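Visitor: give me a 3D structure for the following:
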Amino acid sequence: MKVVIFCGGFGLRMRSGVDSAPKPMMTIGDRPVLWHVMRYYAHFGHTEFILCLGYGGSAVKEYFLRYDETVSNDFVMTKGGQRIELLDSDISEWKITFVDTGIDTSIGERLRRVRPYLEDDDAFLANYGDVLTDAPMDKIVDHVMTSDITASLLAVPPQASFHVVEFGTDARVSGLRSAADLNVWINGGYFVIKKEIFDVLHEDEDLVGDAFPRLAAMRRLEAIPHHGFWAPMDTLKERSQLEELYRSGKKPWALWSHEAREQVGQVFDKALPSDDVGDDSPMVVAI
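Guide: Here you go, the predicted structure:
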């Protein structure tokens with residue numbers, strides 16, 4: 001399946017005052033978080049990507065046009081560095097379409113603008129360019145494609161530590177409860193979407209805020225509960241936490257590594273619902 005990745009937002013909460021790179025290009029280890037998201041999908045065999053660019057789009061293009069496989073792969077160097085023989089490759093099988101979808105464009109409109117590049121595919125995957133997970137996408141896709149729903153989203157518990165305040169009309173507090181104690185789920189992205197989405201997604205609308213409520217009213221939207229690893233990179237603190245996981249070798253989102261694969265696979269089976277319930281011109285680079 002093709003993978004549409006929304007990577008055109010400003011990411012103001014990531015601004016450090018000096019770094020102007022778009023949020024998906026902020027690094028975890030030696031690679032941008034966008035690369036980690038793409039590598040996750042490639043692990044499941046999805047290697048055709050459509051990047052919806054906006055703010056900082058030229059930085060995304062430049063990164064892949066100058067991509068260096070030696071950063072994350074072993075290699076043999078001979079002739080004093082004049083000849084490099086790669087022992088492995090991350091992206092040699094990837095096909096990446098770069099599409100400028102505007103600076104202030106809603107996610108729904110970004111999706112509409114890349115519709116021609118989805119061609120006649122019955123379904124596609126979509127996600128934000130700055131959220132990581134260990135969810136088994138192969139099982140999610142199989143479930144969605146054998147059901148009558150139009151789209152699914154990954155539902156995850158709130159990650160932030162906060163308390164819900166209960167009070168009456170007199171503003172007197174009657175109780176406080178930790179979000180962890182409530183049966184609350186949030187949108188975790190990692191969408192599987194059938195082409196019928198374009199029947200309910202209109203010009204300049206938002207995907208989650210406008211089209212998804214229509215699907216929900218028709219009972220054509222399904223949440224895929226996931227209790228495993230899921231982490232956004234919305235803030236500098238979250239970036240620091242992901243960097244710490246990476247440096248420690250505990251990278252649960254890196255399913256392409258042997259260590260990570262041994263840690264996942266059981267939680268989702270229990271949670272999966274049953275069958276009862278730069279330039280404006282698009283650029284395609286096959287690397």
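
Visitor: okay, CA-based contacts and neighbour counts for the rest of this
Guide: OK.

Visitor: now the helices for the stretch 1-150 of the chain?
Guide: 33-43, 57-65, 107-113, 115-118, 137-145 (DSSP state H, counting those that start in this stretch).

Visitor: just the angle between the second one and helix 33-43, please?
Guide: For helix 57-65 and helix 33-43, the angle between their directions (axes from the mean of the first three to the mean of the last three CA atoms, to 10 degrees) works out to 50 degrees.

Visitor: could you pull up phi and psi at Tyr67?
Guide: phi -60, psi 140 (degrees, to the nearest 10).

Visitor: for the protein, what's the longest helix?
Guide: Ordering each helix of the chain by length in residues (DSSP state H) puts helix 236-248 first.

Visitor: how far off helix 33-43 does that helix point, in degrees?
Guide: 50 degrees.

Visitor: could you say what helices and strands helix 236-248 packs with?
Guide: Contact analysis of helix 236-248 by 3 or more CA pairs under 8 Å, 6 or more residues apart in numbering; DSSP states H and E lists strand 27-28 as its packing neighbours.

Visitor: what residues does the strand it packs on touch?
Guide: 33, 239, 242-243, 246 (CA atoms under 8 Å, 6 or more residues apart in numbering).

Visitor: do that again at 6 Å, thanks
Guide: Outside strand 27-28, the residues that touch it by CA atoms under 6 Å, 6 or more residues apart in numbering are 33, 243.

Visitor: distance from that strand to the middle of the chain?
Guide: Put simply, strand 27-28 sits 15 Å off its chain's centre (CA atoms, centre = their mean, to the nearest Å).

Visitor: number of nearby residues for the closest residue in space to Ser161 that isn't next to it in sequence?
Guide: In space, Ser161 comes closest to Ala179 once its chain neighbours are excluded; the distance is 7.0 Å by CA to CA, 6 or more residues apart in numbering. When neighbours are defined as other CA atoms under 10 Å, Ala179 has 17 of them.

Visitor: also Gly209?
Guide: Neighbours of Gly209 (other CA under 10 Å): 11.

Visitor: then Phe44?
Guide: Counted with other CA under 10 Å, Phe44 comes out at 14.

Visitor: quick check: Ile107 vs Trp35, distance?
Guide: 20 Å (CA to CA, to the nearest Å).

Visitor: one more: Glu243?
Guide: 14 Å.

Visitor: list the contacts of Trp256.
Guide: His43.

Visitor: could you list the low-pLDDT ranges of this protein?
Guide: 11-20, 258-287 (pLDDT under 70).

Visitor: quick revisit: settle it for me: which of Glu243 and Trp35 has more neighbours?
Guide: Legend: neighbour count by other CA under 10 Å for Glu243 and Trp35, higher for Trp35 (21 against 17).

Visitor: what is the burial count for Ala42?
Guide: 20.

Visitor: again with Arg172
Guide: For Arg172, using other CA under 10 Å, the count is 9.

Visitor: and the helices of the stretch 1-150 of the chain as CSV, adding distance to Asn183?
Guide: Converted to CSV, these look like this (distance: least, CA to CA, whole Å):
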stretch, distance to Asn183
helix 33-43, 28
helix 57-65, 38
helix 107-113, 27
helix 115-118, 36
helix 137-145, 22
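
Visitor: among those, which is nearest Gly8?
Guide: Checking those against Gly8 by CA to CA gives helix 57-65 as the closest, at 6.9 Å.

Visitor: give the buried residues for the closest one.
Guide: Buried residues in helix 57-65, defined by neighbour count with 16 or more other CA atoms under 10 Å: 57-61.

Visitor: could you do stretch 196-212 as well?
Guide: 197, 201, 205-207, 211-212.

Visitor: same deal with stretch 72-86?
Guide: Going by 16+ other CA under 10 Å, stretch 72-86 has no buried residues at all.

Visitor: thanks again, I'm all set now.
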